[in-house]
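Peer 1: Here is the input, now give the coordinates:
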Amino acid sequence: MTVIRRARRDFGRFRMACRAWMNDRRLDRTIRQALRSDRISDEQIAAIERGWANPKPGFVADSSYLRAVVDRAADGGQGAVVECGTGVSTILLAIVAQRTGRLTVSLEHDERWHGRVARVLARNGLNRAKVVLAPLQGADGDAWYGVSPEQLPEQVTLCVCDGPPGALADRGLAVARLGSRLVPGAEVFFDDTDRSEERAAVERWVAEFGLHVVEEGARWTMLETARN
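Peer 2: Sure thing, here's the model as predicted:
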């Protein structure tokens, strides 16, 4: 490698590091503002999305989905929240948890992604939310998060499902795996229901588990478990 090529490579890495540092500063500043606000605004949600700067194309949640998730987490009482898959929604749920005291547990299968999310939460003192590293277990359409029972809350009133990636596992297993932990009237937010696999999971939840659809966005669906 020539001196010029090496210099260009090193300068490119330096620029990427500077960009990441600036994104982190913007993200932390917006998180602090959101913690002081009465309500997380649409502008703050957008700023957190920009600061997070998701490097995975196609893994960015719809803004209306994030708005709906934040509102239900903030207004849905004190029952626990379980999130399947992590990212911007995890940060937003952690802000809500910090303000309301509502326990939030987020499951993540990817070790590097788990570390990135956990660092943001730790850096900003968001200690009411837990990010659990849960590598996928199972095969032949039965793969889901390898999480132990003691890592999950006993009573879940809100499930936010945007993982695992459909290419690796069946995210439609969330309702069955949480089982009786989903209390009567629990709400389930399911992202990407404009896709055939997720739409089939919604139909299965309705037919087999008695959930019913409450609201639908362009790419997401909110369901509710049966009430006693």
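Peer 1: pretty sure residue 124 contacts residue 31?
Peer 2: Yes: with contact defined as Cβ atoms under 8 Å, residue 124 reaches residue 31; the gap is 4.8 Å. Glycine gets a C-beta too; all of them are placed from N, C-alpha and C.
Peer 1: Looking at these two, which is more packed in?
Peer 2: residue 31 (26 against 18; other Cβ atoms under 10 Å).
Peer 1: Kindly list the longest strand within the protein.
Peer 2: strand 182-191 (DSSP state E).
Peer 1: Pull out the buried positions in it.
Peer 2: Of all the residues in strand 182-191, those buried under the rule 16 or more other Cβ atoms under 10 Å are 182-183, 186-191.
Peer 1: The residue positioned nearest the centre of the chain and residue 141: what is the separation?
Peer 2: The centre of the chain sits closest to residue 86, judged by Cα atoms, centre = their mean, with a distance of 3.7 Å. Distance of residue 86 to residue 141, given as Cβ to Cβ, to the nearest Å: 23 Å.
Peer 1: Same check on residue 180?
Peer 2: Taken as Cβ to Cβ, the span from residue 180 to residue 141 is 23 Å.
Peer 1: what's the answer for residue 23, then?
Peer 2: Taken as Cβ to Cβ, the span from residue 23 to residue 141 is 37 Å.
Peer 1: Who has more neighbours out of these two?
Peer 2: For residue 23 versus residue 141, the count of surrounding residues by other Cβ under 10 Å is larger for residue 23: 14 against 9.
Peer 1: I'd assumed residue 49 was in contact with that one.
Peer 2: No: Residue 23 is beyond contact range of residue 49, at 10.9 Å (criterion: Cβ under 8 Å).
Peer 1: Residue 26 in helix, strand or coil?
Peer 2: helix (DSSP: H, G, I helix; E, B strand; the rest coil).
Peer 1: Let me know the helix or strand that the closest residue to it other than its chain neighbours is in.
Peer 2: Distance criterion Cβ to Cβ, 6 or more residues apart in numbering; nearest residue to residue 26, sequence neighbours excluded, is residue 51 at 4.3 Å. For residue 51, the element it lies in under DSSP states H and E is helix 42-52.
Peer 1: what residues does the helix or strand that that helix is followed by touch?
Peer 2: As assigned by DSSP H and E, the chain's next helix or strand after helix 42-52 is helix 63-75. Residues outside helix 63-75 that contact it (Cβ atoms under 8 Å, 6 or more residues apart in numbering): 39-40, 42, 45-46, 49, 81, 88-89, 92-93, 96-97, 99-100, 102, 104, 158, 160, 187, 189, 191, 215, 217-220, 222.
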